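Chemist: need a structure here:
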Amino acid sequence: MAEKNHAGPGETGPHAEALNTFFHHLYEFLRKYLGVRGELSQDARRLAWMAAVYEFTTAFSNVFLNVFLFKGGGEWGTVVRYNLVSFCLIPPVFALGGWVARRGRRLFPYRVGLAFSTILFLAVLLLKGGARDQVSLLGLLNGLAIGFYFLGQHELTFGVTTPATRDSFFSLNQVYASSLRILSPFLASRLIYWFRTPETPDRGYGVIFAVALALYFALFIESFSFDQPSIRQPFRYVEALRAHWQPRLRPVMAAYYAWGLRNGLFWFIVSVLVYRASDKELTVGSYDILTQAIRLAMSLLLARWATSANRGKGLGWSAWIDVAGVTLLAWRLDVHTLLAFTALYATALALFQVTFTAYSFDIMDAAGGPTRTLENLAVREIPLGLGRVTGLLVFLVAQNRFGEGGLKAALWALGSAHVLVWWILTRWTSASVKAQVFSKSS
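Modeler: Below is the predicted model of the structure:
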């Protein structure tokens with residue numbers, strides 16, 4: 001039985017009409033003057049800007065939530081525990097969200113993820129300084145928010161795009177996201193500075209967390225503009241797990257694990273390192289402007305260049321640029337090397353996100369296609385989550401046991417993990433193409 005929505009397909013509530021109009025004109029401008037390719041449906045264009053607003057809000061608030069937790073005592077253990085709890089929870093939440101969606105509530109995980117994001121920042125606002133003593137609770141809420149949201153968003157992406165339009169969709173989304181994110185941490189850092197007083201040094205953090213709460217709630221309301229048919233089906237999680245464990249897809253599981261090794265740490269480490277080196281939130285915001293400006297420029301280029309034929313090259317370039325960046329961090333951790341790293345990191349990240357995400361959807365097609373989308377999304381979170389947890393534990397042990405030297409070594413080793421992702425996926429793709437050619441010739 002299909003879900004009931006407040007608006008039908010292609011409709012939107014009055015609260016988002018201005019944003020819909022703005023992004024419609026921006027989309028037409030990009031196609032007409034900058035050569036951005038691909039004809040996307042109205043729902044796909046709406047999802048692209050909503051995902052971008054979500055990224056803006058995450059950059060605006062979560063960057064400084066990690067800084068807020070770190071600055072309380074300057075201990076890595078506090079911020080690592082917050083992220084560790086989140087990463088442990090995400091895989092089972094993905095599976096739960098998939099099961100709920102298969103019960104005829106297809107958009108439910110997407111909306112619940114946005115609701116938990118709202119609850120997370122409501123909890124931070126209520127706890128205030130006591131939030132640093134409740135990092136496990138906050139990590140729990142964050143894991144629920146991330147798990148449900150991204151399961152729902154990926155499933156919705158499958159519903160509003162096709163294999164022929166996915167590269168265009170991801171490129172357009174990155175253009176939007178980079179455009180919105182370019183000033184988000186800088187604006188947040190300014191608010192922290194403007195509202196800070198000797199008596200209330202954390203008042204600015206309360207302001208940005210309140211803004212984040214409002215934005216997540218607005219996205220939650222706008223999510224009712226989508227109308228996707230929901231049919232009750234069995235959730236074939238075990239079958240999907242067996243399919244991924246077949247020899248043909250087993251290397252892909254290793255690639256997800258390698259991705260998680262880096263992703264878990266670099267999810268938050270850059271902003272905390274910049275704050276630690278400068279002791280100023282304003283510097284964190286300034287560095288992120290550079291990151292987002294480079295990502296925006298790369299996104300505009302990728303919107304014209306990104307095709308399935310170029311994925312291997314893009315993934316390889318991103319991996320080796322990453323290696324160059326983390327080599328700088330292994331040499332020295334000061335504001336100058338962090339600035340150089342930020343430039344390399346932003347370039348690699350833009351390349352990686354478009355190419356790897358497109359690869360991921362091809363992998364899920366190979367593991368069962370659209371009939372098993374939710375199951376495939378849930379299964380891939382197992383190696384990804386294990387990789388994230390492993391990476392964080394390696395970092396924490398190395399830093400606790402060997403101090404600054406161990407921290408640098410962990411940054412280099414985990415930061416180079418995308419080379420493994422590139423090596424595995426390009427060979428897996430090549431082997432798959434050869435197998436298809438052989439089967440046709442036979």
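
Chemist: look up how far Leu191 lies from the nearest residue to Asp202 once chain neighbours are set aside.
Modeler: In this structure, Asp202 finds its nearest non-sequential neighbour in Gly129, 6.5 Å apart by Cβ to Cβ, 6 or more residues apart in numbering. Where you see a C-beta, it was placed from the backbone N, CA and C, and this is true even at glycine. Distance, Gly129 to Leu191, using Cβ to Cβ, to the nearest Å: 18 Å.

Chemist: more neighbours, the two?
Modeler: Leu191 (21 against 11; other Cβ atoms under 10 Å).

Chemist: could you measure from the more buried one over to Thr118?
Modeler: Distance from Leu191 to Thr118, by Cβ to Cβ: 19 Å.

Chemist: next one, pLDDT for Leu392 please.
Modeler: Listed pLDDT for Leu392 reads 94.

Chemist: any idea how far it is from Leu156?
Modeler: Counting by Cβ to Cβ - Leu392 and Leu156 are separated by 29 Å.

Chemist: between the two, which one's more packed in?
Modeler: Higher neighbour count among Leu392 and Leu156: Leu392, with 27 against 22, using other Cβ under 10 Å.

Chemist: any low-confidence regions in this protein?
Modeler: Along the chain, the parts satisfying pLDDT under 70 run over 1-20, 24-25, 30-38, 73-74, 230, 299, 302-310, 361, 367-371, 429-442.

Chemist: off-centre distance for the longest helix seen in it?
Modeler: Across the chain, the helix with the greatest residue count (assigned by DSSP state H) is helix 373-415. Mean C-alpha position of helix 373-415 versus that of the full chain (Cα atoms, centre = their mean, to the nearest Å) differs by 16 Å.

Chemist: could you do stretch 119-129 as well?
Modeler: With Cα atoms, centre = their mean, you get 22 Å for stretch 119-129.

Chemist: that stretch: which residues count as buried?
Modeler: Ile119, Leu120, Phe121, Leu122, Ala123, Val124, Leu125 (16 or more other Cβ atoms under 10 Å).

Chemist: using JSON lines, please lay out those together with distance to Ala340 and secondary structure.
Modeler: Below are those laid out as JSON lines (distance: Cβ to Cβ, whole Å; DSSP: H, G, I helix; E, B strand; the rest coil):
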{"residue": "Ile119", "distance to Ala340": "39", "secondary structure": "helix"}
{"residue": "Leu120", "distance to Ala340": "33", "secondary structure": "helix"}
{"residue": "Phe121", "distance to Ala340": "33", "secondary structure": "helix"}
{"residue": "Leu122", "distance to Ala340": "39", "secondary structure": "helix"}
{"residue": "Ala123", "distance to Ala340": "37", "secondary structure": "helix"}
{"residue": "Val124", "distance to Ala340": "33", "secondary structure": "helix"}
{"residue": "Leu125", "distance to Ala340": "37", "secondary structure": "helix"}
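
Chemist: of those, closest to Ile90?
Modeler: Ile90 has its nearest neighbour among those in Leu120, at 13.9 Å by Cβ to Cβ.

Chemist: excluding covalently adjacent residues, which one is nearest to that closest one?
Modeler: Leu141 (4.2 Å).

Chemist: how about the helix or strand encompassing Arg46, which residues are buried there?
Modeler: Here Arg46 sits within helix 42-71, counting by DSSP states H and E. Neighbour counts using 16+ other Cβ under 10 Å place 43-71 of helix 42-71 among the buried residues.

Chemist: one step back: which strands and helices lie in contact with the longest helix of the chain?
Modeler: helix 76-102, helix 135-160, helix 237-244, helix 250-266, helix 311-331, helix 335-366 (3 or more Cβ pairs under 8 Å, 6 or more residues apart in numbering; DSSP states H and E).

Chemist: dump the ones you listed into CSV; add distance to Arg111 as well.
Modeler: Formatted as CSV, the helices and strands packed on helix 373-415 follow (distance: least, Cβ to Cβ, whole Å):
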stretch, distance to Arg111
helix 76-102, 11
helix 135-160, 7
helix 237-244, 22
helix 250-266, 25
helix 311-331, 32
helix 335-366, 22
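
Chemist: thanks a lot, see you next time.
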